[in-house]
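S.K.: okay, structure incoming, though there's no sequence with it:
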């Protein structure tokens, strides 16, 4: 392969697509497909040394981010240096500055660390007080000042997001969980600071710093789960190619993607991703579609089949692709959009939890006031009343309640995305967990979209393989559905002078002889015989002008994983039902193969819909699975729907789950994950509720010191987050052979 | 006991220094991509 022409990246118009202008120079994110180890990382850093600043290599994501001055160093020079180092750079589209997010993440780590150090040190200074030891007054006062000094970074800096969050909520005149947290922190810290200056009274620096520590840690863990899900989306989004190699009269040229038009011929070099969705012009392509589907095995595409943007050419030769869809119209862009959309949407259960939290916070504020007032009325001093108020505020903070749902859903969504199941609607995971009936469509769902050559019946003295090869040669290049049954059987034969006889088949010359491939009753010599055979089969014959050579029985092909998935679903307690528009015999045959007893054939969309309503009226929770286009109403009527979207169906379909691998295999895993997630949400909510029920009375009645309240409340949040993000492996139940494809997208 | 008058302020100073060092390390990116570290080898070249 000739060295790539990188200079296209220096065009001014290009810069807007990838570079984020920052304070100094432009920031770019580059995928390095050739990076595998730390030595490669060092090579990458050396390659750009002197040309760029803020160079960061991420080995796990195989990306390099850097900052450069467009006026001094052209981007093409940086890319060429990386290319010459064998690192296969690919510029990623990057609308959002990763810079800001990185700064926030670093700040979050710093806050966790600083609050940890401070909490431990303050506790050491407060230690004599725990045991009623009173050193000489000078030392005691010095210890108080030391606690104050260490608490300033520990509470005011590390806890600043908590304080600011509470203040903002109050200014907005709304109540969220930050309000009691901020109030408790401000009271504890403020009172302790005043008492330090006055030199008398109990201090709560230890409680305040510990509270900040646990809360900061919990939030950090939760944001990490979120960041992982986001990173996956970004990788997907960024893989959008920015330039394409277009073949025109003058040869092959790199052009910005915006200059491409439908119909242009695009060349995809080995190891690179296709920039467009389009038809394959070569006879065969081996593609890595793992980014799109999570499927780690290479996908084979043949002439005229669709190559999706983002699919990497695994072959040794460049591929030619006829452009059909560009930019935001590509499947890749649509998937990305869907994922971003899904991440923005708040599931209903979370809205409910948030609403509850607001009411709960109001109640807590009242209880804190009531507890302190009651203690004061019964002769407690100010110290004691304040301790009670702080304990109530801290102990009852509904943090765990607010974290219970989103943390679990984020973990589940991230896990499923890795396995090629996109959750377009996170709320649907809960319906999926409750599903007890699944209605499957037949065509395109249980069967493959293409057709299968089931049987060859050669006439005497005919070689079946040779007959199939001749038929394959005749059908090569045809887009007729029946042609797919012969793909891959040509064995090097080619047909010339092929002629399509509308409604009758095809004729052509193979190795010097004229052949016809047609329906049995349409044989060219008029010797037509009536077709016979099973109802779900189509028969065609190969004819050489004088006699019939062989008969081919062609039928829809059951998906290889269908049996496993169906039994896997039954194993998980779901009633499986097939609903199809096909003939009675065809559906019955398929259901016999799958050992299914419940099916309905010849179903119009309205009938399918009625059946769905019927099932739901019986109190069943129905999962509908279809190919996303023909059965859109069915999918919309179900409690939860899954679809295997093909092309345009992605945006038209309203499915909750998208099975991206063009395979049903992810379904049992999605069910397991949904059930495990629902269980965890229940556990989390139960834990949060039980915790508050136990702690609140203790705090109000003054039996809970503030430090214990802080520890209990924070540990409760950690339990909730930990429960949400812990691995799914051990409890996913019987995985069976229907295990999901490897999560290749994260590699 | 009198030594505490020196040691406590000293301890506070050490803690503040530790906070500063941790903050600097975090801002310097030393805790970025903690998942990467297991894949990294010690630099061969100084």
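M.R.: That came in fine, so what should we check first? This structure is a prediction, so every number in the text was calculated from the model and none was measured. Numbering: from 1, shown residues only, chains lettered A, B, ... in the order given.
S.K.: by mean pLDDT, flag the weakest helix or strand of chain A.
M.R.: Every helix and strand in chain A was compared by mean pLDDT, DSSP states H and E; the lowest is helix A:649-652, with a mean of 44.
S.K.: quickly run through the sheet partners of the next helix or strand after that helix, with directions.
M.R.: Next helix or strand after helix A:649-652 toward the C-terminus (DSSP states H and E): strand A:657-659. Strand A:657-659 has the following sheet partners, assigned by DSSP bridges: strand A:421-423 (antiparallel), strand A:640-643 (parallel).
S.K.: is it possible to export those strands to JSON lines including mean pLDDT and distance to residue A:445?
M.R.: Heads up, the C-betas are built off the backbone N, CA and C, glycines and all. Below are the strands paired with strand A:657-659 laid out as JSON lines (pLDDT from 0 to 100; distance: least, CB to CB, whole Å):
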{"stretch": "strand A:421-423", "mean pLDDT": "79", "distance to residue A:445": "15"}
{"stretch": "strand A:640-643", "mean pLDDT": "84", "distance to residue A:445": "9"}
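S.K.: and the stretch 101-250 of chain A, which residues reach chain B?
M.R.: A:102, A:105-107, A:109-110, A:113-114, A:117-118, A:121, A:125, A:135-136, A:138-139, A:142-143, A:146, A:149-150, A:153 (CB under 8 Å from any CB of the partner chain).
S.K.: helices - which of those residues land there?
M.R.: A:102, A:105-107, A:109-110, A:113-114, A:117-118, A:121, A:125, A:138-139, A:142-143, A:146, A:149-150 (DSSP state H).
S.K.: only whichever of the residues you listed are buried, select them in PyMOL.
M.R.: Listed next is the PyMOL selection for buried residues among these, using 16 or more other CB atoms under 10 Å in any protein chain shown:
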select buried, chain A and resi 105+106+109+110+113+114+117+118+121+125+139+142+143+146+149+150
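S.K.: low-confidence ranges, the stretch 1-150 of chain A, go.
M.R.: Within the stretch 1-150 of chain A, the ranges that satisfy pLDDT under 70 run A:1-5, A:11-24, A:36, A:59-61, A:93-100.
S.K.: which of the helices or strands spans the spatially closest residue to residue A:56 that is not a sequence neighbour?
M.R.: Spatially, and ignoring its direct neighbours in sequence, residue A:56 is nearest to residue A:65 (5.0 Å; CB to CB, 6 or more residues apart in numbering or on different chains). Per DSSP H and E, residue A:65 falls inside strand A:63-68.
S.K.: contacting residues for the residue of chain B found nearest chain A?
M.R.: For chain B, the residue closest to chain A is residue B:26, as judged by CB to the nearest CB, at 3.8 Å. With CB atoms under 8 Å, 6 or more residues apart in numbering or on different chains as the criterion, the residues that contact residue B:26 are A:106-107, A:109-110, A:113.
S.K.: nearest to chain B: which residue in the stretch 301-450 of chain A?
M.R.: Counting by CB to the nearest CB, the stretch 301-450 of chain A gets nearest chain B through residue A:414, at 14.1 Å.
S.K.: how near is that residue to residue A:271?
M.R.: The gap separating residue A:414 from residue A:271 is 28 Å, by CB to CB, to the nearest Å.
S.K.: look at the two and report which has more neighbours.
M.R.: residue A:414 (21 against 16; other CB atoms under 10 Å in any protein chain shown).
S.K.: element containing the more buried one?
M.R.: With DSSP H and E as the test, residue A:414 turns up in helix A:399-418.
S.K.: list the helices and strands that helix packs on?
M.R.: In terms of contacts (3 or more CB pairs under 8 Å, 6 or more residues apart in numbering or on different chains; DSSP states H and E), helix A:399-418 is packed against helix A:205-238, helix A:331-344, helix A:348-377, strand A:421-423, helix A:428-434, helix A:666-700, helix A:706-725.
S.K.: fine, thanks again, bye for now.
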